[in-house]
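Participant: dropping the sequence and predicted coords here.
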Amino acid sequence: MELSQAKIVGDDTSIRVLSGRITEIFKDRRSSELAPIRLGSAAQRRKLPTDLESLVGTGRLWVVRGLFEILESQTKNWKPSAIHLVTDGMQMRIVRLQSSSAAANVRLDVKSLKVNPNAKTWSFSALFEPTSEQLDRLIQSLPNTNQNAQTW
């Protein structure tokens with residue numbers, strides 16, 4: 001799904017996405033069982049935001065991954081507590097954000113995104129609870145549905 005009309009929203013600020021795309025979507029695999037100690041790969045995963053904890057283990061929480069470009073000047077001194085990607089009537093909670101300068105492999109995937117020399121590319125992972133219509137629209141928009149999405 002292309003992110004041409006998307007915004008990144010946090011606290012009292014909104015940043016327009018210049019270009020971007022959602023590259024994959026899948027059901028969140030977290031279990032609702034509480035583990036007292038997180039070991040291995042579970043210890044590497046960031047703690048889930050408290051406003052989404054009630055959705056863990058319900059099968060209603062989905063993970064969306066993708067890339068977007070925003071003007072670098074708009075991100076200076078901006079440290080919101082929670083960031084959302086808002087696009088096409090959907091609001092997704094961004095839980096991982098990595099700049100292209102921090103990940104060498106991101107640049108290889110986004111050559112076609114570059115629309116402005118002052119833009120910076122970010123890869124992201126977001127969580128959200130889609131309606132069945134939103135989920136269908138997202139899955140249909142992926143380039144290769146068989147490899148990039150899980151259906152319910």
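Facilitator: Great, that's in hand. Note that the coordinates shown come from a computational prediction; the quantities given were computed from them, not determined experimentally.
Participant: residue boundaries of the helices in this structure?
Facilitator: Assigned by DSSP state H, the chain shows helices spanning 41-44, 104-109, 132-141, 145-148.
Participant: would you mark the buried spots in the third one?
Facilitator: The one in question is helix 132-141. 135, 138-139 (16 or more other C-beta atoms under 10 Å). Bear in mind the C-beta positions are built from the backbone N, C-alpha and C, glycine included.
Participant: stretch 6-14 now?
Facilitator: Quick answer for stretch 6-14 (16+ other C-beta under 10 Å): 6-9.
Participant: quick one: residues in contact with that stretch.
Facilitator: With contact meaning C-beta atoms under 8 Å, 6 or more residues apart in numbering, stretch 6-14 is reached by 15-17, 20, 68, 70, 78, 80-88, 91, 94.
Participant: same thing but 7 Å
Facilitator: Residues from elsewhere that reach stretch 6-14, judged by C-beta atoms under 7 Å, 6 or more residues apart in numbering: 15-17, 20, 68, 70, 78, 80-87.
Participant: cool, and stretch 119-129?
Facilitator: Residues outside stretch 119-129 that contact it (C-beta under 7 Å, 6+ apart): 18, 28, 52, 55, 60-72, 75, 85, 90-100, 103, 106, 110, 113.
Participant: put the alpha carbons of stretch 81-97 into CSV.
Facilitator: Output of stretch 81-97 as CSV, limited to C-alpha atoms (Å, rounded to 0.1, in the frame of the first residue of the first chain):
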residue,chain,number,x,y,z
SER,A,81,5.8,10.0,23.6
ALA,A,82,3.7,8.0,21.1
ILE,A,83,3.8,8.1,17.3
HIS,A,84,1.0,7.0,15.0
LEU,A,85,0.9,6.5,11.2
VAL,A,86,-2.4,7.9,9.9
THR,A,87,-3.4,6.8,6.4
ASP,A,88,-6.5,6.1,4.4
GLY,A,89,-8.8,6.1,7.5
MET,A,90,-6.4,3.9,9.6
GLN,A,91,-4.4,4.8,12.6
MET,A,92,-1.4,2.6,13.4
ARG,A,93,0.8,2.8,16.5
ILE,A,94,4.4,2.9,15.5
VAL,A,95,6.4,0.7,17.9
ARG,A,96,9.8,0.6,16.0
LEU,A,97,11.3,3.4,13.9
